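1. Below are the sequence and a predicted model for it; my questions follow.
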Amino acid sequence: MAEIPAAPGVVIREVGPRDGLQNARAVMPTARKLAWIAAMAEAGLAEMEVASFVPPAAMPQMADAAAVTRAVRARHPGFRAIALAPNLRGAKDAAAAGAQAIIVPVSASEAHSRANVRRTRDEQVAEVRRVVDWARGLGENRPVIEAGIATAFGCSLQGLVPERDVVDLARALAEAGADVVALADTLGYATPSHVRRLVRAVRAEIGAARLGNLHLHDTLGTALANAMAGLEEGVRGFDGALAGLGGCPFAPGSVGNVATEDLVHLLESEGVHTGIDLPRLVAAREALAQGLPGEPLQGRVAAAGLPPTYRPAATRVVPAGAKPPVLPVHGPLAGLRVIEFSHMVMGPSCGMILADLGADVIKVEPGPRGDNTRRLTGAALGFFPTFNRNKRSVCLNLKRPEGAAAARRLAAGADVVLENFRPGAMDALGFGYAALSALNPRLVYCSCKGFLPGPYEHRTALDEVVQMMGGLAYMTGPPGRPLRAGSSVNDIMGGMFGALAILAALREREATGRGGLVQSGLFETNMVLMAQHMARAAIEGEDPEPFGDPAMRKPWPVYDVFSAAEPGEQVFVGVVGEGQWRAFCDAFGLADLRDDSGLATMSQLAEARPRILPRVAQVFAALPKAELMARLEALGVPFAPIAKPSDLFSDPHLLASGGLLAVDLTGAEGAREPHAARAGLPALPVSLGGSRPALRRQPPRVGEHGREVLREAGLTDDEIADLAAGGVLAGAA
Ligand SMILES: CC(C)(COP(=O)([O-])OP(=O)([O-])OC[C@H]1O[C@@H](n2cnc3c(N)ncnc32)[C@H](O)[C@@H]1OP(=O)([O-])[O-])[C@@H](O)C(=O)NCCC(=O)NCCSC(=O)C[C@@](C)(O)CC(=O)[O-]
């Protein structure tokens, strides 16, 4: 049996204390509200709409909004407290009480807008702009401003709400400066295909970075199916109300939200980790019932009881060999939009990690022939196909104003921009952090450079440069002959650290609503590799001898490459523990060494290497390689054949475990006579929910996705045709 680790999942926002209570018949006393909120927080809910800042006369249930918000902030510091405010006045009160995010409702239906906030839709968009302007004036610690599009899927007053109206409204709200735009099915009329279409259309209009939660009511029993459709479309935030409370008092026919406990049950059962303890969440209904005696409570899990088959995603076990449950979308980062300005290895490997994990990574290549890396030869021949899978390509000349304007549209709707050009190059193009963050404050901007800020920051750099100056070449070669490692270790690791920094900044953005600049340095990456040798140099007071020195002091009796019986066949063997040593001696007829009282400890054994190694070499030289490896494997002693790159294509472990992805190599234009059009190249070295990240897209042709990407960014077909005709956009047939 294999344990399936937590699949990275979704954030569920409880809206019961706000949306849930506003339709309740009775007013819940403040102390009862706080007890209920505490019970839900203990179940693992990390964010909640705690109150609505509206005139108490209109909604007496919310008269204690400020007191509740203040108390939640004081009692649950790790928790994200969110409030609804229909106008600037309410937003100011909410912020004064400590709300970390403020939702301003804007109805897509004109009729509902007038009934709900007594303003037209346009007037309410203007109110959002006022709220945003005021919030920006608060500086660093301002609340996140979310615009929630009510009646996005239809309205009982108006009837149909055209999807185009919702998309236009979303754009208007984004232009008004809302950090996030959420979609609400206030009446519960949505169906899964409607959810898919609208999510896709709104995301294309405002970018994934701004698309917020799905807020689903369950009038017709479709809310769970709609949540699933949203999940498959990449939505990662869902609202729910415990016991299915809620409804809009100003939308006739509006009934409760999807029950949070039913949503958690569905998602966890589908292998999507929510971080919520379902039994404890169900138990929190008790606190709700005490606060609202007599109020009908909904929810199927509570009515049916938790089924005995229920297993949270994080603890699910499946029989070995069975296909494990996986997130039914294209990777945990689905929905994240990344714009990559890159070449060579460092930037592309950073983007590839995000792309393999499901992000939509759009590589912006210079025209007309695309990234020069495509045409590198010799040792750099495979760079392009290796590091650019799962990405889309748009080929734009950023040195032309029209090209720069189009790329700015991409950056405006992105979650992440990453680049690895020469220091200052992006600033010179008008695409530095300052310029792009002014355009898109939620942007996380990652610069992959030779050096982090400091005296060397102006230098360009390559992997080889930092291996030389960073001590790695000294540690690798024979004495006096510095030798770089046989792969772009710092480029790849530097890209990886860049990706880690991006994920950290995205995590921070969840709390602050703002992006930021992160940087990764090749030299500093190399220092991570050198730390162990620096520590040893400090302990011993002298430089360690390099690995290429035959006299290097090894701490174990056997840690070497040996010849097997067949000429030219070699095997590495490492015996690194006393138990291993005894078993090794028994298996290979070295009982005299095992029983030698002078060879009792690892340090004695290490000292005795000159005596031990010839004996071991003599035994191994008589054994065929396959037999030698089989005996070492049975013993549990670490061993390895000496492989060359082409041996790895047929490695049985890689083949059987999904470790090789069939990547198209034809983008490596520097090859004179390509031997193969496709080869198994390594997948990311991680397993998520039991699955290896997959190949979703082959490395792109130059500008292959230019047209679709620019359309998604809002350019018209005529504008795109003009860019192509003017030679600014290449490859977008
Ligand atoms: C790698 C170097 C040294 C190359 O340095 P460089 O050759 O000077 O290139 P660059 O980065 O300045 O090139 C960018 C040029 O392309 C332009 N550009 C870009 N996009 C567009 C566009 N769409 N439209 C129009 N123009 C565009 C950009 O504006 C700029 O124009 P310029 O200022 O030259 O006029 C430098 O980029 C650098 O230091 N980068 C930071 C660190 C880094 O990433 N280093 C490379 C790591 S990967 C690697 O080195 C592989 C290797 C060799 O190490 C492998 C190994 O050893 O194992």
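-> Thanks, I have it.
2. if I look at Ser193, how far off is Phe421?
-> Using CB to CB, to the nearest Å, one gets 43 Å for the distance from Ser193 to Phe421. Just so you know, the C-beta spots here come from the backbone N, C-alpha and C atoms, and that holds for glycine as well.
3. Looking at these two, which is more packed in?
-> When Ser193 and Phe421 are compared for neighbours, Phe421 comes out ahead with 20 against 10, by other CB atoms under 10 Å.
4. pretty sure the more buried one contacts His343?
-> Yes - between Phe421 and His343 there is a contact under CB atoms under 8 Å: 7.2 Å.
5. Return the distance of stretch 163-179 from the chain's centre.
-> Put simply, stretch 163-179 sits 25 Å off its chain's centre (CA atoms, centre = their mean, to the nearest Å).
6. Do a quick rundown of the strands in the stretch 101-250 of the chain.
-> Taking DSSP state E, counting those that start in this stretch, the strands of the stretch 101-250 of the chain run over residues 101-107, 144-150, 180-185, 211-216, 237-240.
7. between the ones you listed, which gets nearest to the ligand?
-> Smallest distance to the ligand across those (CB to the nearest ligand atom): 26.7 Å, for strand 211-216.
8. So which residues make contact with the closest one?
-> 13, 15, 19, 146, 148, 180-186, 188, 190, 195, 199, 202-203, 223, 226-227, 230, 235, 237-240, 257-258, 335 (CB atoms under 8 Å, 6 or more residues apart in numbering).
9. ok so, going back, Arg459 is nearest to which of the strands of the stretch 101-250 of the chain?
-> Proximity to Arg459 (CB to CB) singles out strand 144-150 among the strands of the stretch 101-250 of the chain, at 38.4 Å.
10. Mind checking the pLDDT average for that closest one?
-> What strand 144-150 shows for mean pLDDT is 96.
11. repeat for stretch 520-527
-> The model assigns stretch 520-527 a mean pLDDT of 98.
12. Buried ones in that stretch, by neighbour count?
-> Judged by neighbour count using 16 or more other CB atoms under 10 Å, the buried positions of stretch 520-527 are 520-527.
13. So which of the residues you listed reach the ligand?
-> Contacts with the ligand are made by Leu522 out of those, judged by CB under 6 Å from any ligand atom.
14. Confirm Ser447 sits in a strand?
-> Yes - assigned with DSSP: H, G, I helix; E, B strand; the rest coil, Ser447 falls within a strand.
15. where in the stretch 1-150 of the chain is pLDDT low?
-> 1-9 (pLDDT under 70).
16. Sorry, wrong one. I was asking about the stretch 601-733 of the chain.
-> Ranges of the stretch 601-733 of the chain meeting pLDDT under 70: 732-733.
17. Could you break this structure into its assigned domains?
-> 11-304, 337-532+694-730, 558-641 (the TED database).
18. closest to Pro674 out of those domains?
-> The nearest among these, by CB to CB, is domain 337-532+694-730 at 9.5 Å.
19. what kind of secondary structure is the residue of the stretch 551-700 of the chain at minimum distance from the ligand in?
-> Across the stretch 551-700 of the chain, the shortest distance to the ligand (CB to the nearest ligand atom) belongs to Gly670, at 13.6 Å. Three-state assignment for Gly670 (three-state DSSP): coil.
20. Listing partners with orientation, what would you give for the helix or strand where Ala83 lies?
-> Using DSSP states H and E, Ala83 falls within strand 80-84. Using DSSP bridges, strand 80-84 pairs in its sheet with strand 47-52 (parallel), strand 101-107 (parallel).
21. and the next element down the chain from that strand?
-> Next element after strand 80-84 (DSSP H and E): helix 88-97.
22. what's the neighbour count on Pro56?
-> Using other CB under 10 Å: Pro56 sits among 11 other residues.
23. Helix or strand for it, just tell me which one.
-> Going by DSSP H and E, Pro56 is not in any helix or strand.
24. Correct me if wrong: it contacts Gly90.
-> No - contact criterion CB under 8 Å: Pro56 and Gly90 do not qualify, at 11.5 Å.
25. If we ignore the residues flanking it in sequence, what's nearest the closest residue to the ligand within the stretch 151-300 of the chain?
-> Proximity of the stretch 151-300 of the chain to the ligand (CB to the nearest ligand atom) peaks at Gly207, 19.8 Å away. Excluding its sequence neighbours, the residue lying closest to Gly207 (CB to CB, 6 or more residues apart in numbering) is Gly413, at 2.4 Å.
26. Name all residues that make contact with that neighbour.
-> Gly413 touches 206-210, 337, 440, 712-713, counting by CB under 8 Å, 6+ apart.
27. just Val54 next, same as before
-> 62, 65, 84-86, 90 are the contacts of Val54 under CB under 8 Å, 6+ apart.
28. Report the contact partners of Met475.
-> 530, 533, 544, 546-547.
29. Just the buried residues from these, in ChimeraX please.
-> A single ChimeraX command selects the buried members of the contacts of Met475 (16+ other CB under 10 Å):
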select :530,533,544,546
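30. quick check, nearest of the contacts of Met475 to Leu654?
-> Phe547 (25.7 Å).
31. can you give me the helices for the stretch 401-550 of the chain?
-> 401-412, 425-429, 433-439, 463-469, 472-476, 489-512, 522-540 (DSSP state H, counting those that start in this stretch).
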